[in-house]
Structures are given as C-alpha cells and as structure tokens.
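No letters, just coordinates:
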C-alpha cells in the first residue's frame, strides 16, 4: 500500500462563480439549485480532505524527524557509554598490571633475600664443618705424631737395651 507521500495528489478544482454584475442586478439573485449546492459541498469536502492529507503527511514527517533524533540520541548515548566503559576497562587493566608487576617485584625481592639467607647459612655450615674437620685433622695429626714419637721412643729404648 503506498504511503501518503507516494500517492499522487489530485489537483483541487475550485470553481469560482463570478457573477456577472449586470445580470445579477437585473434579474436579482438566482436561487442555487440542489446540484450546485451538492457540488459546492463536495468541493469543500474535497478541499478539507486534501488539507487533512497534508496535515497527516506533515505529522508523519515530524514523527519521522523525531524518531531520527531519538535514534541519534540513543546512538550518541550508546557510544558515550561504550567509550566510558572502554576507558574504565583500560584503567582497570593498567591497575591490575601494575599490581601484578609490584607483586612480582616483591616476590623476586623475597626470593633473592631467601637465596642470600640460604647461601649464607650454607657458607656458615660449610665453614663450621670445615673448621671441625680441620680441628679433627689437627688432633689426628697430633695424635699420630704423638704415637709416632712414642713408637720411636720405645724402639730406641728397645734398641738401646739391645745395643748396650
């Protein structure tokens, strides 16, 4: 069904009766016939119909304009909401990355401290064990020399008894 805009508009035929001045004056006014009266009413009705059709077309056009404006507003609000959400998401992402980097740095610092503490403990244990081993070696060497000295002394005593 064609819209109001697409329908061809019929031209309004308005018949104006132009009274002849001389004939009216001489004969007086003639009474209008019923057909003239109906034709006059039909012309007025058609003119009113055409006026109403123009008003409806104008109302449709205004409605179309308002709908387009509402769409543009909704589109602008949607774009603004998207941009706001995207900006907030970017800020949240940057904050999360910064927190993760800080946590990583803290963990690496603690790991380095733990490594250094373990290294120091291992070095301390090494030095303590090495000290004990050195002390034990010294004691063993001293005992060995002492046993050697006693054995040599006994051997000389035995030799000197034999050699006398």
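Received it, and whenever you're ready, just let me know what you need. On a predicted model such as this, the values are computed, not experimentally measured, just so you know.

Against residue 55, how distant is residue 127?
106 Å (CB to CB, to the nearest Å). In short, each C-beta sits where N, CA and C put it, glycine included.

and the lengthiest helix in the chain, how far from the chain's centre?
When the chain is parsed with DSSP state H, its longest helix is helix 34-163. With CA atoms, centre = their mean, to the nearest Å as the basis, helix 34-163 stands 17 Å off its chain's centre.

Report the mean per-residue pLDDT for it.
If you average the pLDDT over helix 34-163, you get 94.

which residues touch the spatially most central residue of the chain?
Of all residues in the chain, the one closest to the mean position by CA atoms, centre = their mean is residue 86, 3.2 Å from it. Residues counted as contacts of residue 86 (CB atoms under 8 Å, 6 or more residues apart in numbering): none.

From residue 56, how far off is it?
Applying CB to CB to residue 86 and residue 56 gives a distance of 44 Å.

Over to residue 48?
Going from residue 48 to residue 56 by CB to CB gives 12 Å.

what's the answer for residue 146, then?
Using CB to CB, residue 146 is found at 131 Å from residue 56.

repeat for residue 118
As judged by CB to CB, residue 118 and residue 56 stand 90 Å apart.

got it, and residue 140?
Between residue 140 and residue 56 the computed distance is 122 Å (CB to CB).

cool, and residue 128?
105 Å.

Likewise for residue 162?
Distance of residue 162 to residue 56, given as CB to CB: 153 Å.

Comparing those two, which shows the higher neighbour count?
residue 56 (11 against 7; other CB atoms under 10 Å).

per-residue confidence for residue 9?
53.

All further residue positions should be reported with the first residue as 52.
Sounds good: first residue 52 from here, last item residue 60.

so how many other residues sit close to residue 174?
Other residues near residue 174 come to 10 when the count uses other CB under 10 Å.

again with residue 175
A count of neighbours around residue 175, defined by other CB under 10 Å, yields 10.
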